[in-house]
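Participant: have a look at this fold, sequence not included:
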């Protein structure tokens, strides 16, 4: 027994270990806002790859495939032209009403698709949100990038239609101003989509109200009529012209149809709406980061 006792090692002395609890973070905790933006930047390759893949696969089950991206706004335009242009005569006095209507329909289609898809991005991907840890804003951002990619052929087709259907419009250098206008439109769409994505993630009933809101917005954006023809009160007209969707449509109409540089007021209004919506939307969405996927 004495020999065995001599061979047994002495028990190690337990030493206390100091742990700085300030360096520990709770799993799934919301990071600081700047850290959150850095995380989004780190996921940029995934966002672009996912957006590109979804654009290619979005219409594979349809026989006409991606052609429906173009056919949908064309059929909508024909419908509105028959109802509002021929039957109700809302285009009376508008120069090149076909081009006026085409621009309104195509640009609204881009905003409607981006905001609707962005608003539903969290709820539609609830299983992914619950299974993986990643900045949730990648979902609405990816949706908006996908919509931007889908809108490129739409805008090109819109310009082609305007140059082919009489009265034919001449191409000028002002057409290049469509690019910053569409970029500001996309930024605004993203901001609104981020706000609605958080709202719908908590109150799914809001999705039923979204189509009514988009329809009312379309009717209030002078897509198939002119504000000046139906609104005579100057104060009401000024308020209606603050509509961000009207401003992007008006900028493009001036550049493409009338060869007139847009006013600085139109650019200022659209820029304020776009940057303001993005800032408010990003902060509002970030504040709810820990709540997504619950319930």
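Facilitator: Cool, the structure landed. Here the structure is a predicted model, which is why all the values come from computation and not from measurement. Residues are numbered from 1 along each chain as shown.
Participant: what's the following helix or strand after the host helix or strand of residue 194?
Facilitator: Element membership for residue 194 (DSSP states H and E) is helix 178-202. Counting by DSSP H and E, the element after helix 178-202 in chain order, helix or strand, is helix 206-219.
Participant: what does that following helix contact?
Facilitator: 108, 112, 115-116, 119-120, 123, 196, 199-200, 245 (CB atoms under 8 Å, 6 or more residues apart in numbering). (Each C-beta comes from the backbone N, C-alpha and C, glycine too.)
Participant: repeat that for 7 Å
Facilitator: 108, 112, 116, 119-120, 199-200, 245 (CB atoms under 7 Å, 6 or more residues apart in numbering).
Participant: what of stretch 262-273?
Facilitator: The contact list for stretch 262-273 (CB under 7 Å, 6+ apart) reads 177, 184, 188, 242, 244, 247-248, 250-251, 254-255.
Participant: list the buried residues in the longest helix anywhere in the chain.
Facilitator: If you go by DSSP state H, the chain has its longest helix at helix 138-164. Buried residues in helix 138-164, defined by neighbour count with 16 or more other CB atoms under 10 Å: 138-148, 150-151, 154-155, 157-159, 161-162.
Participant: in the stretch 1-150 of the chain, where is pLDDT below threshold?
Facilitator: Residue ranges of the stretch 1-150 of the chain with pLDDT under 70: 1-28, 56-70, 77, 85, 88-91.
Participant: hmm, back to that, by contact count, what packs against the longest helix of the chain?
Facilitator: Applying 3 or more CB pairs under 7 Å, 6 or more residues apart in numbering; DSSP states H and E, one finds that helix 138-164 makes contact with helix 44-57, helix 67-80, helix 97-119, helix 121-124, helix 178-202.
Participant: just the ones you listed: most buried one?
Facilitator: helix 97-119 (a mean of 23; mean count of other CB atoms under 10 Å).
Participant: next, the angle helix 206-219 makes with it.
Facilitator: 160 degrees (axes from the mean of the first three to the mean of the last three CA atoms, to 10 degrees).
Participant: just checking, what packs against helix 97-119?
Facilitator: Using 3+ CB pairs under 7 Å, 6+ apart: helix 97-119 touches helix 67-80, helix 138-164, helix 178-202, helix 206-219, helix 244-256.
Participant: ok, residues contacting stretch 148-168?
Facilitator: 51-52, 55, 69-70, 73, 96, 98-99, 102-103, 106, 109-110, 169, 171, 178, 182, 186, 256.
Participant: ok, now stretch 280-291?
Facilitator: 28-30, 33, 36, 136-137, 190-192, 194-195, 197-198, 202.
Participant: which positions within that stretch qualify as buried?
Facilitator: Result for stretch 280-291 [16+ other CB under 10 Å]: buried residues 281-282, 284-286, 288-289.
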